[in-house]
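A.B. asks: the sequence and its predicted three-dimensional model are supplied below.
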Amino acid sequence: MASRTRCLGCGAAVQELDGPTHLYMLSAAGCWERCCSLEDWKADLEGIEGITTVQDLVDSYAAQHATNIVRRNRLSVAVHLMSLCAGIEHGVSGRHWRSLGSGRERSTRRWCRGQRISRSRRRTSRRRPRQPGPR
C-alpha cells in the first residue's frame, strides 16, 4: 500500500508522490496528480454545460488551495472565487466568464485593491485626458 500524505493546500489525504505540483498554488504532488487525472474526462465534456463544469472544477481546485500568501496566488484565487460566485449566484456560464478574458483580469485587479469601477467610468478612463486651453 502506498504511503499517504496531507495536501499542503486543501488538507486532503493523498498518495505521497514525487512529481509535479501546481506552479504557484501550494499542493501535494498527489493532489495535483488527482486533479490532472480528470483531463480525459474534461476533454469529453461538450457544449456550454461542459465548459461551465470544467470552469467550476478549475475554480474549486484554486479556492481549495488558497494557502500561498504570494500576491499572484491571492489574485488568482480571487478571480476563481469571483468566477464561482458568478456561476452559482448569478448564472453566468463558463463560456461567458472565459469570454471576458484579459479585461476581466484588469478589472479584477482593481476590484481586489478596493477600486470598484463602474462600467461607464472604466470606458472614460481609457480616453486621453483633455488638454487645458481654449476650445
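C.D. replies: That came through fine.

A.B. asks: in this structure, which helix or strand is least confident?
C.D. replies: Sorting the helices and strands of the chain by mean pLDDT, DSSP states H and E puts helix 119-125 at the bottom, at a mean of 40.

A.B. asks: shaky segments in this protein?
C.D. replies: For the chain, the stretches with pLDDT under 70 are 1, 101-135.

A.B. asks: repeat that with 90
C.D. replies: Judged by pLDDT under 90, the chain has its weakly predicted residues at 1-2, 8-9, 19-27, 34-58, 66-77, 79-80, 82-135.

A.B. asks: and the residue most central in space within it, how far from residue 2?
C.D. replies: Among the residues of the chain, the one closest to the centroid is residue 80, at 3.0 Å (C-alpha atoms, centre = their mean). Distance, residue 80 to residue 2, by C-beta to C-beta, to the nearest Å: 30 Å. Backbone N, C-alpha and C define where each C-beta goes, glycine included.

A.B. asks: repeat for residue 67
C.D. replies: Distance of residue 67 to residue 2, computed by C-beta to C-beta: 24 Å.

A.B. asks: tell me which of these two has more neighbours.
C.D. replies: residue 67 (15 against 9; other C-beta atoms under 10 Å).

A.B. asks: for that one, give me its contacts.
C.D. replies: Shown in contact with residue 67 (C-beta atoms under 8 Å, 6 or more residues apart in numbering): 8-9, 25-26.
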